[in-house]
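Novice: Predicted coordinates and the sequence they were generated for:
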Amino acid sequence: TQLLEQSPQFLSIQEGENLTVYCNSSSVFSSLQWYRQEPGEGPVLLVTVVTGGEVKKLKRLTFQFGDARKDSSLHITAAQPGDTGLYLCAGAGKYIFGTGTRLKVLA
Amino acid sequence: SAVISQKPSRDICQRGTSLTIQCQVDSQVTMMFWYRQQPGQSLTLIATANQGSEATYESGFVIDKFPISRPNLTFSTLTVSNMSPEDSSIYLCSAQWTVQETQYFGPGTRLLVL
């Protein structure tokens, strides 16, 4: 069974702090996606990383795909309360979602 | 992009009964999926809803418990049959045009079984 393990599972930080979320697997993925889910809504795609070593930026969010395409990270700079939510990585094409990281940013 | 709606948004049901959840997409899509999400946890794929043929179920999910219909390219239903409290969860449908493209999710149906 392919698994995508995320860490940390929970994270509560103050507004303005930086944080990194990790997504790790023993399997190789052709691409990985990151989603954010807010309460009462379905997940919304943030980014897809395709190439090993690829780095993508979305405003204050930086996504990196590992060289071996088995892991990925999400770094948020100067977190804001609006970043609060459940962050999920997913193996594109295999419909496997990570274990999730619940982020709470306190004002 | 796609806009997906689900009905009902939430329900409270008695054990032993069945509930049918509807998923409507605002455009024709190639693929539709059904997921289950325990509160605060990640998503688990239940099945792929195939238009005009039987759904493809993932390990641990069977048609008798979760019958799925997909009569056309914009609509699908998931039935949770003979419910027990363990079926209490959020059920999400999603839509996708190709495997490498974005999956769009509905808002989910929150089910509580007493």
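Specialist: Structure's in. What do you need? Residues are numbered from 1 along each chain as shown, chains lettered A, B, ... in the order given.

Novice: what ranges do the strands span in the chain?
Specialist: Reading this off chain A. Counting by DSSP state E, chain A has strands at residues A:5-7, A:10-14, A:19-24, A:32-37, A:44-49, A:55-58, A:61-65, A:71-76, A:85-91, A:96-97, A:101-106.

Novice: hm, I was asking about chain B
Specialist: Under DSSP E, chain B gives strands at B:4-7, B:10-13, B:19-25, B:31-37, B:43-49, B:56-57, B:68-72, B:75-80, B:89-96, B:104-105, B:109-113.

Novice: closest to chain A out of these?
Specialist: Closest of those to chain A is strand B:104-105, at 2.9 Å (criterion: Cβ to the nearest Cβ). No exception for glycine: its C-beta is placed from N, CA and C like everyone else's.

Novice: Show me how far that closest one is from its chain's centre.
Specialist: With Cα atoms, centre = their mean, to the nearest Å as the basis, strand B:104-105 stands 11 Å off its chain's centre.

Novice: Repeat that for stretch A:99-107.
Specialist: The answer for stretch A:99-107 is 11 Å, by Cα atoms, centre = their mean.

Novice: Mind pulling up the pLDDT for the residue nearest to A:Gly53 when sequence neighbours are not counted?
Specialist: In space, A:Gly53 comes closest to A:Asp67 once its chain neighbours are excluded; the distance is 4.8 Å by Cβ to Cβ, 6 or more residues apart in numbering or on different chains. At A:Asp67, the predicted lDDT confidence score is 94.

Novice: again, but for the one 5 residues further on
Specialist: As predicted, A:Ser72 sits at a pLDDT of 97.

Novice: so it makes contact with A:Thr20?
Specialist: No - using Cβ atoms under 8 Å, A:Ser72 makes no contact with A:Thr20, being 10.9 Å away.

Novice: More neighbours: which of these two?
Specialist: The neighbour comparison of A:Ser72 against A:Thr20 (other Cβ atoms under 10 Å in any protein chain shown) goes to A:Ser72, with 27 against 13.

Novice: and the more buried one, what is it in contact with?
Specialist: A:Tyr22, A:Cys23, A:Leu32, A:Trp34, A:Val49, A:Phe63, A:Gln64, A:Phe65, A:Gly66, A:Cys89 (Cβ atoms under 8 Å, 6 or more residues apart in numbering or on different chains).

Novice: For chain B, which element, helix or strand, carries the lowest mean pLDDT?
Specialist: Every helix and strand in chain B was compared by mean pLDDT, DSSP states H and E; the lowest is strand B:104-105, with a mean of 92.

Novice: got the contact list for that one?
Specialist: Counting contacts by Cβ under 8 Å, 6+ apart, the residues outside strand B:104-105 that touch it are A:41-45, B:1-4, B:25, B:92-96.

Novice: Tell me which two in those are the farthest apart.
Specialist: For the contacts of strand B:104-105, the maximum inter-member distance is 17.8 Å, found between A:Glu41 and B:Gln96 (Cβ to Cβ).

Novice: Could you show which parts of chain B are in contact with chain A?
Specialist: Residues of chain B lying close to chain A (Cβ under 8 Å from any Cβ of the partner chain) are B:4, B:33, B:40-45, B:92, B:94, B:99-100, B:102-108.
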